[in-house]
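*Asks:* Prediction below, plus the sequence it came from.
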Amino acid sequence: MTDTAQTIITALNQPPFEKDLSLIKFDTLQPLELLQIFNDVLSELGPEHKVELRDEDPEQTLVRMLSMLRVLKYKPPSHIDIKDFRHGLIAGDKEIIYHILGWLLPKLGALKTRAYLARYLVKLDVPPDILQNDEVAATYEKYNALLENFKGAHKEVEELRNSGFSSEVVRKDILAMERELESVTKRTERMREKAKGFPKYEEMLQAAKKLRLEQQREDELQSQAQDQRAQLDRMVNKHGRVQEQLREVRSTGVVGGSDGLMRRIEEENNMFKFLSGEKLPQEIEQKRNAHAELMKVVQQPSMFQDDLNELNSKIERFQAEINQLNEKRMVANNPLDDQLALFRQQASIIVRKKETASNKLKEQQDEFNEFEDELKKKRAAAESRGPRMLKNDEFKRYVAKLRTKSTTYKAKKAELTELRLEHLALKFTEEHLEKEYAELQAALGSSAEAKGIGNYQQTQAELEKISEAKSELDAQKGMTLEEHSKGVMELKDAIAKKKERLAPLITELRDTRSKHEKLKEEYEEKKANYDKVCANLETGKAKVETEVRAYREELMQEESRYHYLNTMTQLMRVQDKRIKDEVQLYIHQNNTNDGKKQKPLRDIFTKQAQEAQYLEKVLKDKQKMVADNHESNMCQLDMWRDLSVLMKCKVTESISTADAPNSGGGGGEEDRLVLNETKECTRPPPPPPP
């Protein structure tokens, strides 16, 4: 996954994308941003993809992307279901987007050409019923003709682009050929005028034409003969290859039935165990060591000739020390005392043989994969050619034939409908007549029983059958004895001829039946062995698939853990750098390397803490003052409320007194405002501050 991500980032940082991404930045992208990057890549293949995903409906986005991937012949991963693939694509799943970008970006140029051609070469599916219309058929024919013209024009353009000729060179060649044609035409006219004076001019001209035609035919026949010889050579070579393959298959065929097959499977299993357990880990370790050494070389500063000379001298010194140590070890270890030398030698020989066999197997597997890729390309090329297109006259005849068949079909269908209706009517009539016949038979039987002749009809039917049999027997008895004897002889001769003709066939049939029984028994035995082996292989395959799935999950977990640890490492590096900068500022008394004054974080945080403490003290004093004056303030508030109520009552009373009529007795009282004595406030004290 890391290699794929690195490949994607490298491609996206180059023109025409120039995204300026890093591995961490690319790994932290949101699903919508990742999907937008994929859409930007698709926009390089077609202008219809230059849209903003936030302004487009998700369903339209999914349909548009899936249509483009189908045109590009992209195949999703085999372990992902098609429904999960669609859901993951529209949700911006990292695994799916990474897989698509990893497949798409390395061959973007070829896919751009394919998308351009698909825009014009993907045919429209028109139903046959609509093609019955003459105008639609004519338009469809023009459409197919334009497609063919486009194919030819594109092929010519590609050939011209790959040929390396410029337009100026082609123009000069055309002018030179035109001048040469003009000179040849003039020379031909002069020769023709000169030759008209010769006798038998016409006869000689006709003979020359025939000679030229025969020479052309001879050249064509020679070219055909060469083609046939080349085909014969290819067929001979192919026959030789097939014979060689047949010999290899026979030589590597399974011998010994199921035991031989099991031995061969065990050998292949041991071989794969060796490759996966010994060969591949060694190669991976070698690649990792080489990669680590290359990374060390890349990280080192550039070297000059003096550095190279010093390294060469070190290498020579170390090599001399290694040779001295080898000589000391050889002197110290006596070969006669070493009893394991022979076994070490045999083990080294076996290891070398294994390495040679594994290298040969890897080469053959690479060659096999190349052949498979070539076969897939040829199959794709054969499929892209498509079926043969009908010509104009053939298509018209086909349409006329379809119309005739359609007319015949409609007439037959109408006739069949009429016959079905008539059948239903006849069936209904038959049922009705049978019902009436049954009723008449019942009435006739009841009347016959009433008169004492209950079985009259049955007896009459039996007498009629007996009379018919008697008449047939009399007719047979009418044959003469000679006719009987002649018929018997003819039958005997026919039987003898049939027996003579069937005798070899019967013998062959018996042999074939015996062979069939033997082959059937052998087939049943081999089928049972095959089923057993298949069951064992399926069990092993299921186990291996389970292990592979577990390894993949473990790999994904380790990769995610690696990215997490890498991110945390970078964060820790940033924090470490900040701490080091703070220490440097504290040591140099707020002076940076360039002489500028800069406050350390310690002073900034100390000042902020002092300001926070001062603010806390001010707020506590304010809280204490509010708590001390709370009771008196609340009492004063209650007094003001009472005063407001009294004033409202006084206003109401004065309005009612002014509206009432004056009484004849004494005069009214003067308005007075009476305030009660101030009562002691009994409001409970506020709770103490926290």
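*Replies:* On my side now, so go ahead. Predicted model only: the values in this text are computed from it and were never measured.
*Asks:* care to break the chain down by domain?
*Replies:* 2-122, 168-249, 392-477, 479-592, 599-646 (automatic domain parsing).
*Asks:* comparing these, which gets the lowest mean pLDDT score?
*Replies:* The weakest mean pLDDT among these belongs to domain 392-477, with a mean of 73.
*Asks:* Give me the secondary structure label for the residue most central in space within the chain.
*Replies:* Nearest to the mean C-alpha position of the chain, by Cα atoms, centre = their mean, lies K75 at 1.9 Å. The local conformation at K75, judged by DSSP: H, G, I helix; E, B strand; the rest coil, is coil.
*Asks:* Backbone dihedrals for it, please?
*Replies:* Phi and psi for K75, reported as degrees, to the nearest 10, are phi -110, psi 120.
*Asks:* max-length helix in this structure?
*Replies:* helix 481-587 (DSSP state H).
*Asks:* Name the residues that touch stretch 35-47?
*Replies:* With Cβ atoms under 8 Å, 6 or more residues apart in numbering as the test, stretch 35-47 has contacts from 12, 16-17, 19, 29, 49-53, 61, 65, 68, 72, 90, 92, 97, 100-101, 104-105, 108, 111-112, 115, 119. Where you see a C-beta, it was placed from the backbone N, CA and C, and this is true even at glycine.
*Asks:* quick revisit: centre of the chain versus the longest helix of the chain, how much separation?
*Replies:* Centroid separation between helix 481-587 and its chain, computed with Cα atoms, centre = their mean, to the nearest Å, is 23 Å.
*Asks:* Mind giving me the packing neighbours of that helix?
*Replies:* Helix 481-587 sits against helix 23-27, helix 257-274, helix 601-628, with contacts defined as 3 or more Cβ pairs under 8 Å, 6 or more residues apart in numbering; DSSP states H and E.
*Asks:* any idea which of these is most buried?
*Replies:* Ranked by mean neighbour count, the helices and strands packed on helix 481-587 are led by helix 23-27 with a mean of 14 (mean count of other Cβ atoms under 10 Å).
*Asks:* And the next helix or strand past that helix?
*Replies:* Using DSSP states H and E, the helix or strand that follows helix 23-27 in sequence is helix 31-43.
*Asks:* can you state the direction angle for the next helix or strand after that following helix and helix 31-43?
*Replies:* Taking DSSP H and E as the definition, the helix or strand that follows helix 31-43 towards the C-terminus is helix 58-71. With axes from the mean of the first three to the mean of the last three Cα atoms, to 10 degrees as the basis, helix 58-71 and helix 31-43 are set at 40 degrees to each other.
*Asks:* buried stuff in helix 58-71?
*Replies:* 61, 64-66, 68-69, 71 (16 or more other Cβ atoms under 10 Å).
*Asks:* coming back round to it: any chance of the domains of the chain in TSV, with distance to F272 too?
*Replies:* Converted to TSV, these look like this (distance: least, Cβ to Cβ, whole Å):
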stretch	distance to F272
domain 2-122	20
domain 168-249	21
domain 392-477	56
domain 479-592	10
domain 599-646	61
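*Asks:* So which of those is nearest A357?
*Replies:* Of all these, domain 168-249 sits nearest to A357, with 16.9 Å by Cβ to Cβ.
*Asks:* roughly how far is that closest one from the heart of the chain?
*Replies:* 50 Å.
*Asks:* Same question for stretch 436-447.
*Replies:* 78 Å.
*Asks:* Now that stretch - C-alpha only, CSV.
*Replies:* As requested, C-alpha coordinates have been extracted for stretch 436-447 and formatted as CSV (Å, rounded to 0.1, in the frame of the first residue of the first chain):
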residue,chain,number,x,y,z
GLU,A,436,-76.5,-35.6,-24.1
TYR,A,437,-75.2,-39.1,-25.2
ALA,A,438,-74.7,-40.1,-21.5
GLU,A,439,-78.2,-38.9,-20.7
LEU,A,440,-79.7,-40.8,-23.6
GLN,A,441,-77.8,-44.0,-22.7
ALA,A,442,-79.0,-43.7,-19.1
ALA,A,443,-82.6,-43.2,-20.3
LEU,A,444,-82.3,-46.1,-22.8
GLY,A,445,-80.9,-48.4,-20.1
SER,A,446,-83.7,-47.5,-17.7
SER,A,447,-86.3,-48.2,-20.4
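*Asks:* For burial, what's the neighbour tally of L42?
*Replies:* Neighbourhood size, L42 [other Cβ atoms under 10 Å]: 22.
*Asks:* heads up, I number from 25, so please use that
*Replies:* In the new count, where the first residue is 25, that last one comes out as L66.
*Asks:* if we can go back for a sec, of the helices and strands packed on helix 505-611, which approaches D197 most closely?
*Replies:* helix 47-51 (52.3 Å).
*Asks:* what helices or strands is the closest one leaning on?
*Replies:* In terms of contacts (3+ Cβ pairs under 8 Å, 6+ apart), helix 47-51 is packed against helix 26-36, helix 505-611.
*Asks:* Ok, which of those comes nearest I106?
*Replies:* Taking Cβ to Cβ, helix 505-611 is the member of those nearest to I106, at 19.3 Å.
*Asks:* angle of the closest one against helix 281-298?
*Replies:* Here helix 505-611 runs at an angle of 10 degrees relative to helix 281-298 (the same axes, to 10 degrees).
*Asks:* Tell me what angle helix 505-611 forms with helix 625-652.
*Replies:* With the same axes, to 10 degrees applied, the angle from helix 505-611 to helix 625-652 works out at 90 degrees.
*Asks:* For the residue nearest to E57 when sequence neighbours are not counted, grab phi and psi.
*Replies:* Spatial nearest neighbour of E57, excluding adjacent residues (Cβ to Cβ, 6 or more residues apart in numbering): G116 at 7.9 Å. Backbone geometry at G116, expressed as degrees, to the nearest 10, gives phi 70, psi 40.
*Asks:* quick one: G116 and L77 touch, right?
*Replies:* No: taking contacts as Cβ atoms under 8 Å, G116 lies outside contact range of L77: 9.4 Å.
*Asks:* list residues touching both of the two?
*Replies:* The contact sets of G116 and L77 overlap at 56, 59 (Cβ under 8 Å, 6+ apart).
*Asks:* returning to that earlier point: any idea which of the domains of the chain gets closest to N157?
*Replies:* With Cβ to Cβ as the yardstick, what comes closest out of the domains of the chain is domain 416-501 (10.1 Å).
*Asks:* ok so, going back, just the buried residues from the contacts of stretch 59-71, in PyMOL please.
*Replies:* In PyMOL, this line selects whichever of the contacts of stretch 59-71 come out buried by 16+ other Cβ under 10 Å:
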select buried, resi 36+41+53+73+77+85+89+92+96+114+116+121+124+125+128+129+135+139
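*Asks:* could the helices and strands packed on helix 505-611 be laid out in CSV, adding distance to A682?
*Replies:* As requested, these are exported to CSV (distance: least, Cβ to Cβ, whole Å):
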stretch, distance to A682
helix 47-51, 86
helix 281-298, 118
helix 625-652, 46
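*Asks:* wait, which of these is closest to H612?
*Replies:* Comparing those against H612 with Cβ to Cβ, the closest turns out to be helix 625-652 (13.4 Å).
*Asks:* That closest one packs against which elements?
*Replies:* So helix 625-652, by 3+ Cβ pairs under 8 Å, 6+ apart, packs with helix 505-611.
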